[in-house]
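Q: The sequence isn't on hand, but the structure is:
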């Protein structure tokens with residue numbers, strides 16, 4: 001028998017989340033018997049190359065589970081605030097919702113608002129903690145369950161759970177592991193939090209680090225990077241926005257790469273290494289294992305080099 005099944009029976013919860021990262025937490029709450037009285041997510045937005053309007057994954061999951069869906073443009077609207085109060089939830093659970101909760105909303109539930117955050121707080125407060133951990137070369141990351149306060153990701157922490165960052169991890173592979181880890185930890189601690197058995201501990205402000213919202217151009221590899229930093233950027237920006245360089249005046253996306261140490265080349269210079277294209281950075285060559293031209297399919301380094309007839313332009317454009 002599932003040890004968490006039914007342990008939250010009778011607990012009224014409002015869930016707030018939008019992307020795929022939040023879905024396991026929503027499913028875990030329902031699986032543990034919680035009554036999710038509403039799920040809030042971002043409004044439907046145009047997405048992808050065609051600009052087709054798409055619903056957030058949390059909305060689709062909530063509809064599947066028969067949960068009321070709310071998609072307010074703002075939480076400062078008094079009508080939505082009154083509706084949230086009427087739901088009489090014991091706790092609000094937030095996971096990558098994408099909106100700041102005003103104090104009047106934070107004050108609604110009896111046991112406050114809990115956040116499932118994809119880092120070991122106080123490290124990597126902010127919007128892109130998974131990407132930041134890979135960029136920094138962290139060997140361990142995890143998930144924190146914290147109480148929300150007005151300052152971003154600064155609230156007291158109820159629980160942290162760790163997981164290794166594997167050498168081959170991308171944001172795309174690490175995120176679902178953290179999502180599952182956070183969901184399991186959420187239902188493990190929630191009844192204890194609601195009963196008052198568990199208490200939260202303040203974060204060490206002196207140890208706090210921060211990460212920013214990722215933009216499309218952040219993936220442009222920089223001349224100031226070492227080869228190791230460039231390789232981490234390739235993994236950190238996979239699947240979005242994708243690491244890239246400028247080659248023949250086009251954006252050349254780099255999806256997989258490895259490092260060959262060297263101190264002999266100027267950043268941005270190209271070479272052929274083991275029948276694969278390579279780009280020089282500080283301390284080594286970034287050997288391209290998988291690349292993609294605009295509008296084209298992904299190619300192995302060998303396939304790309306064959307398309308160049310074995311001869312590369314002498315340099316690529318770096319940021």
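A: Alright, I've got the coordinates. In this text the structure is predicted, and so the values were computed from the model without any measurement.
Q: pretty sure residue 171 is touching residue 131, no?
A: Yes - with contacts counted by C-beta atoms under 8 Å, residue 171 reaches residue 131, the gap being 5.2 Å. (Glycine included, C-beta is placed from N, CA and C.)
Q: Check what contacts the helix or strand containing residue 142 and list those residues.
A: In the assignment (DSSP states H and E), residue 142 maps to strand 140-147. For strand 140-147, contacts defined as C-beta atoms under 8 Å, 6 or more residues apart in numbering pick out 112-121, 124, 129-130, 133, 153, 155-165, 174, 178, 181-182, 185-186, 189, 200, 203.
Q: do the same with stretch 127-139
A: If you take C-beta under 8 Å, 6+ apart as the criterion, stretch 127-139 is touched by 117-119, 123-124, 126, 141, 164-165, 169-171, 174-175, 178, 209, 211-214, 228-229, 232-233, 235-237.
Q: Buried ones only from the residues you listed, please, as a PyMOL command.
A: Command for PyMOL, covering only those of the contacts of stretch 127-139 found buried under the criterion 16 or more other C-beta atoms under 10 Å:
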select buried, resi 117+118+119+123+124+126+141+165+169+170+171+174+175+178+211+214+228+229+232+233+235+236+237
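Q: Narrow the contacts of stretch 127-139 to those in strands?
A: The strands, defined by DSSP state E, take in 117, 126, 141, 164, 211 from the contacts of stretch 127-139.
Q: okay, the residues you listed in TSV with distance to residue 16 next?
A: Shown next, in TSV, are the ones in strands among the contacts of stretch 127-139 (distance: C-beta to C-beta, whole Å):
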residue	distance to residue 16
117	13
126	18
141	23
164	29
211	21
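Q: which of those residues sit farthest apart?
A: Greatest spatial distance in the ones in strands among the contacts of stretch 127-139: 126 and 164, 21.8 Å, computed using C-beta to C-beta.
Q: Let me see the ranges of the helices in the stretch 101-250 of the chain.
A: 103-106, 129-136, 171-195, 227-236 (DSSP state H, counting those that start in this stretch).
Q: Buried by neighbour count: which residues of the first one qualify?
A: Spelled out, it's helix 103-106. Neighbour counts using 16+ other C-beta under 10 Å place 105, 106 of helix 103-106 among the buried residues.
Q: now what about that helix, what contacts it?
A: Outside helix 103-106, the residues touching it (C-beta under 8 Å, 6+ apart) are 75, 81, 84, 92, 112, 113, 148, 149, 150.
Q: which stretches of this structure have low pLDDT?
A: 1-5 (pLDDT under 70).
Q: can you list the domain ranges for it.
A: 12-211, 216-307 (automatic domain parsing).
Q: just so I know, which of those domains lies nearest residue 317?
A: Per C-beta to C-beta, nearest to residue 317 of the domains of the chain: domain 216-307, 3.0 Å.
Q: From the chain's centroid, how far away is the closest one?
A: Distance of domain 216-307 from the chain centroid (C-alpha atoms, centre = their mean, to the nearest Å) equals 23 Å.
Q: cool, and stretch 122-132?
A: That offset, for stretch 122-132, works out to 8 Å (C-alpha atoms, centre = their mean).
Q: Equivalent analysis for stretch 180-196, please.
A: 20 Å.
Q: ok, residues contacting that stretch?
A: Contacts for stretch 180-196 (C-beta under 8 Å, 6+ apart): 4, 7-8, 11, 24-25, 27-29, 31-32, 34, 90-91, 93, 95, 111, 114, 116-118, 142-143, 145, 158-159, 161, 163, 198.
Q: Pull out the buried residues from it.
A: For stretch 180-196, by 16+ other C-beta under 10 Å, it's 180-191, 193-194.
Q: Also stretch 253-267?
A: For stretch 253-267, the neighbour count (16+ other C-beta under 10 Å) marks 253, 254, 255, 256, 257, 258, 259, 265, 267 as buried.
Q: Between the two ends of that stretch, how far is it?
A: By C-alpha to C-alpha, to the nearest Å, the extent of stretch 253-267 from end to end equals 18 Å.
Q: which outside residues touch that stretch?
A: By C-beta under 8 Å, 6+ apart, the surrounding residues in contact with stretch 253-267 are 219, 221, 223-225, 227-228, 230-231, 234, 238, 242-245, 271, 273, 278, 280-293, 298, 318.
Q: and the gap between residue 174 and residue 285?
A: Per C-beta to C-beta, to the nearest Å, residue 174 is found 25 Å from residue 285.
Q: Tell me who's in contact with residue 251.
A: Contacts of residue 251 by C-beta under 8 Å, 6+ apart are 244, 294.
Q: quick one: secondary structure of it?
A: Following DSSP: H, G, I helix; E, B strand; the rest coil, the label given to residue 251 is strand.
Q: So what pairs up with it in the strands?
A: Beta-bridge partners recorded for residue 251 (DSSP bridges): residue 246.
Q: Can you tell me how far it is from residue 140?
A: From residue 251 across to residue 140, the span is 33 Å (C-beta to C-beta).
Q: So which of the helices of the stretch 101-250 of the chain is nearest residue 56?
A: So among the helices of the stretch 101-250 of the chain, helix 171-195 is nearest, using C-beta to C-beta, at 14.4 Å.
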